[in-house]
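> Provided below for reference: sequence and predicted model.
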Amino acid sequence: MAQYLLSIQQPDGPPPAPEVLDPIMRELGAFNQRLRDAGAWVFNAGLHAPETATVLRLEGDEVLLTDGPYAEGREHVGGFWVIEAADLDAALDWGRAAARILTLPIEVRPVAG
Amino acid sequence: MTEAVARVFAREYGRAVAVLVRVLGDIDLAEDAVQDAFTAAVRTWPTDGVPPSPAGWIITTARNKAVDRLRRESTRDDRHAAAARLHADSAESQWTEKNEEDEEDAVRDDRLRLIFTCCHPALAPAARVALTLRLLGGLSTPEIAAAFLVSEPTMAQRLVRAKNKIRVARIPYRVPAEAELPARLRSVLAVVYLVFTQGHGAPRADLCAEAIRLGRLLVELMPDEPEALGLLALMLLTDARRAARTTADGRLVVLSEQDRSRWDHAVVAEGHELVRRCLRRGRPGPYQVQAAINAVHTDTPPTDWWQVLALYDQLLAIAPTPVARLNRAVAVAEVHGPGPALALVDELDLPDYPVFHAVRADLLARLGRADEAAGAYARAEELIGNPAERDHLRRARERLRA
């Protein structure tokens, strides 16, 4: 077994209206339950908006602090899972299901070690 | 390499790598082991003679070489484990006359697995082609780089990255389950056809031959897939006309003016037989229909353009690409005349595709609109990469003035 990070590539901006978001969140709950039932769930979390992020960077002896996300761009990681899967095909199957539910791009990346 | 070894290399390299990838679970180790075995063959075959089963000899020797190599290099526990497993494996399953048939079945599965790994959609398309030519075709990195007009370091890096992704992301070494098979097969067929079209356009007969060899392999491995048959038929019917496609001084000859006695008629016959075989399955797909179109073109003249047009209608129903619509317009010109065909061509958005401008130029010329035709030919000449084709277009443009 190997572990994979499934990250949600979310466009910046306000969240969708409740009538759009609510059914998605219900389906996500069911998806997380399926992950647990299959023994594939390791961890998952949603993240607050990128403008709530703070970046720390070592400059000489000092750690400097800046407001906002590290990477510029119009989308940022909005949430993620760490899952167990036998191989990439199995991980892609979970990722595919997540992409259908969220209608957002999902990046699947193997966890090292 | 001696001639005998070179022959075995061309035929058996992919087979040996496929087996060793299964046994070792690592592509780089498998390639090194097979390379070692061929090096040993070059040393020993000239004096000891070619063994009765050269493929078996290569595979057994590669296994033993891999054990040696792993022992020498084993710095990590998992490599120790792999060496132990390999040793047990090769001790119990030496390639003998008795189990050769079972081995043949296993090897067939190994090659099929390796093709699907090389053509996995999680790899970039350019990497799929390079890996397939490298691992199944046994082409060297410089050969693949030359075929795709990229520098050797670029191609080497592309191969390293792809193999690294297969390893760390665990792209499986497996024939896909039935549900995924159609989509995954499309990716495999596209890789083989890309190798062929690259060879056809360059032109590089060796690449075309390699693509046809891979196409035959797919048909052998998946005899029930009509699209695999269709692809092989399409490549054969195109390749059979190669000798007639250019004159001795390298000029391009269009299909209608080709000297048919220079076609390879055995290959044409094989292509026709394959087209009949796949169409009987009643599961048409884009390669089968394109093969059928080429079968009509290689039938006894005059060309049945109504049938060509009907087949393009079928192709558009399955795969409505702009290029297919352009080719259909060529058939429309033969059946209904250049005016209706030009109207169809002008609906297409293919500004960077040289054939689009060449087809337009020809239709405009046939409609007596010589100035516009000259402009379209000039645009096609600017875009086309192949010198013989550019020359052909230039001569067509010059004939407009006559």
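Structure's in. What do you need?

> and whichever residue of the stretch 301-402 of chain B sits closest to chain A, what pLDDT?
Chain A sits closest to B:Ala319 of the stretch 301-402 of chain B, with a gap of 23.5 Å, by Cβ to the nearest Cβ. Every residue, glycine included, has its C-beta placed from N, CA and C. If you check B:Ala319, the pLDDT there is 91.

> Can you give me the distance of the residue lying closest to it once chain neighbours are set aside to B:Pro182?
Excluding the flanking residues, the one nearest B:Ala319 by Cβ to Cβ, 6 or more residues apart in numbering or on different chains is B:Pro286, at 4.3 Å. For B:Pro286, the distance to B:Pro182 equals 12 Å [Cβ to Cβ, to the nearest Å].

> which of those two has more neighbours?
B:Pro286 (20 against 12; other Cβ atoms under 10 Å in any protein chain shown).

> Return the residues in contact with that one.
B:227, B:230, B:315, B:318-319 (Cβ atoms under 8 Å, 6 or more residues apart in numbering or on different chains).

> Who wins on neighbours among these?
B:Gly230 (29 neighbours).

> To which secondary structure element is that residue assigned?
With secondary structure defined by DSSP states H and E, B:Gly230 is part of helix B:226-239.

> for that helix, what is the average pLDDT?
97.

> Show me what it is packed up against.
helix B:181-201, helix B:205-221, helix B:265-280, helix B:286-297 (3 or more Cβ pairs under 8 Å, 6 or more residues apart in numbering or on different chains; DSSP states H and E).

> how about that helix: buried residues?
Of the residues in helix B:226-239, B:226-239 count as buried by neighbour count, 16 or more other Cβ atoms under 10 Å in any protein chain shown.

> Tell me which residue lies nearest the centroid of chain A.
Nearest residue to the geometric centre of chain A (Cα atoms, centre = their mean): A:Phe80, 2.2 Å.

> That one falls within a strand, correct?
Yes. Checked against DSSP: H, G, I helix; E, B strand; the rest coil, A:Phe80 lies within a strand.

> Is it correct that it is in contact with A:Gln10?
No. A:Phe80 sits out of contact with A:Gln10 when judged by Cβ atoms under 8 Å, with a separation of 10.6 Å.

> residues in contact with B:Ala4?
B:45, B:50, B:54.

> which element is it on?
Here B:Ala4 sits within helix B:3-24, counting by DSSP H and E.

> could you give the angle of that helix to helix B:205-221?
Interaxial angle, helix B:3-24 versus helix B:205-221 (axes from the mean of the first three to the mean of the last three Cα atoms, to 10 degrees): 50 degrees.

> Pull out the buried positions in helix B:3-24.
B:5, B:8-9, B:12-24.

> where does the chain dip in pLDDT?
Picked chain A for this. Within chain A, not a single segment meets pLDDT under 70.

> Chain B was what I was after
Looking at chain B by pLDDT under 70, you get B:1, B:74-107.

> Kindly report the residues of chain A close to chain B.
A:2, A:86-89, A:92, A:109-110, A:112 (Cβ under 8 Å from any Cβ of the partner chain).

> swap the cut-off to 7 Å and go again
Contact residues, chain A versus chain B (Cβ under 7 Å from any Cβ of the partner chain): A:2, A:87-89, A:110.

> and those as JSON lines, adding neighbour count and secondary structure?
Shown next, in JSON lines, are the residues of chain A next to chain B (neighbours: other Cβ atoms under 10 Å in any protein chain shown; DSSP: H, G, I helix; E, B strand; the rest coil):
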{"residue": "A:Ala2", "neighbour count": "18", "secondary structure": "strand"}
{"residue": "A:Asp87", "neighbour count": "17", "secondary structure": "coil"}
{"residue": "A:Leu88", "neighbour count": "22", "secondary structure": "helix"}
{"residue": "A:Asp89", "neighbour count": "18", "secondary structure": "helix"}
{"residue": "A:Pro110", "neighbour count": "19", "secondary structure": "strand"}
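
> Nearest to A:Arg100 among those?
Of all the residues of chain A next to chain B, A:Arg100 sits closest to A:Asp89, with 16.7 Å by Cβ to Cβ.

> ok, now which ones touch that closest one?
A:Asp89 makes contacts with B:Pro172, as judged by Cβ atoms under 7 Å, 6 or more residues apart in numbering or on different chains.

> How much space separates it from A:Leu21?
Counting by Cβ to Cβ, the gap from A:Asp89 to A:Leu21 is 31 Å.

> now B:Arg277
54 Å.

> what does B:Lys65 give?
With Cβ to Cβ as the criterion, B:Lys65 and A:Leu21 are 59 Å apart.

> of these two, who's got more company?
Shown here are B:Lys65 and A:Leu21; by other Cβ under 10 Å, B:Lys65 has more neighbours (19 against 12).
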